[in-house]
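[1] here is a sequence together with a model predicted from it:
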Amino acid sequence: MPQGNLQFIQLNSGWNADPNVPLPRIELDSGDLLLIFRLNAFQFANFREDDLGILRFVSCTKYHLGGPNDEGWYLGQCRFSKLAPAWGEFYRIQGETFGLASISSTFVKRLSSASLTLATSNRILTMR
């Protein structure tokens, strides 16, 4: 088990995925992976129910869409359940994860960078 050297840096400030029906889908674009999902219009008044967020993972070589739901998270079935600050947020994980129980293919491997686009009805915001 890692010796406390993991850092969880929250990436979603002012946005999050829809907590009930995010409708995530994957698209591939020239070696990049796009994770497209509905934004949380309940918590954030600047979004409408049909607004989308797009996370672009540059040069993604491995991914898995699925994995623990909130029940699995609270039951400790996710490899970061007892380490990450909260369920349902987007984090960049820094530090050595070797030694943590892995869930097959439930990670993105060899990412060179990632960016986020929030495609709303009234603006497009890109974060890197």
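    The structure has been received and is ready for your questions.
[2] for the record, mean pLDDT for stretch 93-102?
    What stretch 93-102 shows for mean pLDDT is 66.
[3] ok, stretch 71-82 next?
    For stretch 71-82, the mean per-residue pLDDT is 83.
[4] dump it to CSV, restricted to CA.
    The C-alpha trace of stretch 71-82 is given here as CSV (Å, rounded to 0.1, in the frame of the first residue of the first chain):
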residue,chain,number,x,y,z
GLU,A,71,-22.7,2.0,-3.6
GLY,A,72,-19.4,0.3,-4.6
TRP,A,73,-17.5,3.5,-3.6
TYR,A,74,-19.0,3.5,-0.1
LEU,A,75,-18.5,-0.2,0.3
GLY,A,76,-14.8,0.2,-0.4
GLN,A,77,-14.9,-1.6,-3.8
CYS,A,78,-13.0,1.1,-5.7
ARG,A,79,-9.2,1.2,-5.3
PHE,A,80,-9.4,4.8,-4.2
SER,A,81,-12.5,4.6,-2.0
LYS,A,82,-10.6,5.1,1.3
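[5] which SSE is immediately downstream of the host helix or strand of residue 73?
    Following DSSP states H and E, one finds residue 73 within helix 70-74. Moving toward the C-terminus from helix 70-74, the next helix or strand (DSSP H and E) is strand 91-94.
[6] how about the strands of the chain, start to end?
    For the chain, applying DSSP state E gives strands covering 7-10, 25-29, 32-38, 52-58, 91-94, 113-119, 124-127.
[7] the third one vs strand 52-58, what angle?
    Calculated by axes from the mean of the first three to the mean of the last three C-alpha atoms, to 10 degrees, strand 32-38 forms an angle of 160 degrees with strand 52-58.
[8] buried ones in strand 32-38, by neighbour count?
    Across strand 32-38, burial judged by 16 or more other C-beta atoms under 10 Å covers 32, 33, 35, 36, 37, 38. (C-beta placed from N, C-alpha, C; glycine too.)
[9] perfect, that will be all.
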